[in-house]
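[1] based on what follows, work out the 3D shape:
(one chain, ligands or ions: 1)
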Amino acid sequence: MSVTQASAPRRYLDNAATSWPKPETVFRAWEQAARTVGAAAGRGAYREALQADAICDGARNKVAGLLGGVDPLRVAFPTGATLALNMAIHGLLKAGDHVIATASDHNATLRPLHWLAARGIIETTIVPCDGVGRVDPDAVANAWRPSTRLVVCSHASNVTGVLQEIDALADIAHQRGGLLLLDAAQSLGQISFVPRGLGEAAFGADIVAAPSHKWLQGMTGAGILWVRPGIDLELLVQGGTGTSSNSLEMPDSFLERMQPGTPDVPALAGLSAAVDWLESQTIEAIAAQCRTLAQGCASQLREIPSVRVIGPRDIVVPIVSFTVEGYDPAEIAALLEQLAGVQVRSGFHCAALVHDHLGTQFGGTVRVSFGPFNSIDDVDTVAEVIATLVSTTSS
Ligand SMILES: Cc1ncc(COP(=O)(O)O)c(C=O)c1O
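    Purely as a prediction, here's the structure:
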């Protein structure tokens, strides 16, 4: 490692934003679908169109398995987690509903909720979190009202990686007749989704949304939306489904209703290959490998004076946020790249409310996030650059 190279090789440590590189099989499946399949799914009967259909069905079956063995016919692929979350929020909520969300959540849920609340359509309570982003389930129970319909929660914070007690939140919601929408963007692919009971989803969630391009190791272009049977969502988007095309009405089935428009077949081919890769390595092994790097990074950073690591000591999701006294997080991110090719994210990380609770409201944090293709050398490089900066500043 060197902290003085003018053009150091790229060290990508922004896997919470999007994973890179991808497993080679993911790149190949994606490229092969784009180059040789080259047909729209759900719309034609010729050979390649049928291959495109098979790619979508294959991805759906694999994701249903990954979610703990849910019904594949309830798994839709909007273009990303943001659209999936918006489809759930706008599709579920009615005028007068009250929603409980958390200060730890991402703008992908907080902004649509705010949009509805600002127009007087719904009411929201945002429960606070502690100094690492953790939410007390009792705060959710105490915020409950007769009009509460939904609890929205990020499974893992994209700023600190802290995990929420989703099982407890699901119980609180269900005991009171409400539903739980789980934003699994930072957990699916790092945490095994084991079904809670017969016919039940992991963690008792009623709706799960996630992207394929983060911890799942897939490409952008395919989000995941699973909705428990029995829950109907109003449509946020209408359009062609390749079926009942002579009618102006949207068809009835969940998949047709949740997936208007042409699916991103290469992204779904990549997603299938990614799930295969994760399962061949096992999620537990990949997660343990990434976690070891994050734990090493957090403990090396904690040793450096004037560095504040912001997050749980029991790291599960491999995200490490920190600040350095006397530096703007954006400066640290720029210096990490200039001095050692280390690419990280800095700022508020699309999480509008958490920083008041973390004490990072002035500039946010530097966020380092480790994937399966990082090494201990990356950890040492980050720590060495930061230690050098701190010692230069203080001398
Ligand atoms: C917790 C969380 N939720 C939702 C999203 C949105 O995912 P996407 O940008 O892929 O739609 C992100 C992305 O960073 C996230 O971290």
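
[2] I'd say residue 241 and residue 256 touch.
    Yes - the pair residue 241 / residue 256 is scored as a contact, 4.4 Å apart, by Cβ atoms under 8 Å. The C-beta positions use only the backbone N, C-alpha and C, and glycine is treated the same way.

[3] what touches both of those two?
    Common neighbours of residue 241 and residue 256, using Cβ atoms under 8 Å, 6 or more residues apart in numbering, are residue 250.

[4] for residue 136, what are its contacts?
    127, 130.

[5] against residue 9, how distant is it?
    Taking Cβ to Cβ, to the nearest Å as the measure, residue 136 falls 44 Å from residue 9.

[6] write out the residues of the stretch 251-395 of the chain neighbouring the ligand.
    Contact residues, the stretch 251-395 of the chain versus the ligand (Cβ under 6 Å from any ligand atom): residue 350.

[7] closest residue of the stretch 251-395 of the chain to the ligand?
    residue 350 (5.9 Å; Cβ to the nearest ligand atom).

[8] any idea how far residue 82 is from that residue?
    10 Å.

[9] settle it for me: which of the two has more neighbours?
    Using other Cβ atoms under 10 Å as the criterion, residue 350 and residue 82 rank with residue 82 on top: 21 against 15.

[10] which of the helices or strands spans that one?
    For residue 82, the host element (DSSP states H and E) is helix 81-92.

[11] what is the mean pLDDT for that helix?
    Averaging pLDDT along helix 81-92 gives 98.

[12] list of residues touching it?
    By Cβ under 8 Å, 6+ apart, helix 81-92 touches 76, 78, 108-109, 112-113, 116, 149-150, 152, 179, 181, 183, 185, 207, 209-211, 223-225, 227, 231, 233-237, 258.

[13] equivalent analysis for stretch 36-50, please.
    Stretch 36-50 is contacted by residues 51-53, 55-56, 241-243, 262-263, 265-266, 268-269 when judged by Cβ under 8 Å, 6+ apart.

[14] what is in contact with residue 350 and residue 82 at once?
    residue 108.

[15] quick one: the strands in the stretch 51-200 of the chain?
    With DSSP state E, counting those that start in this stretch as the criterion, the stretch 51-200 of the chain has strands at 75-76, 98-102, 123-127, 148-154, 179-183.

[16] which elements pack onto the longest one?
    For strand 148-154, the elements it packs on are helix 81-92, strand 98-102, helix 107-118, helix 166-175, strand 179-183, judged by 3 or more Cβ pairs under 8 Å, 6 or more residues apart in numbering; DSSP states H and E.
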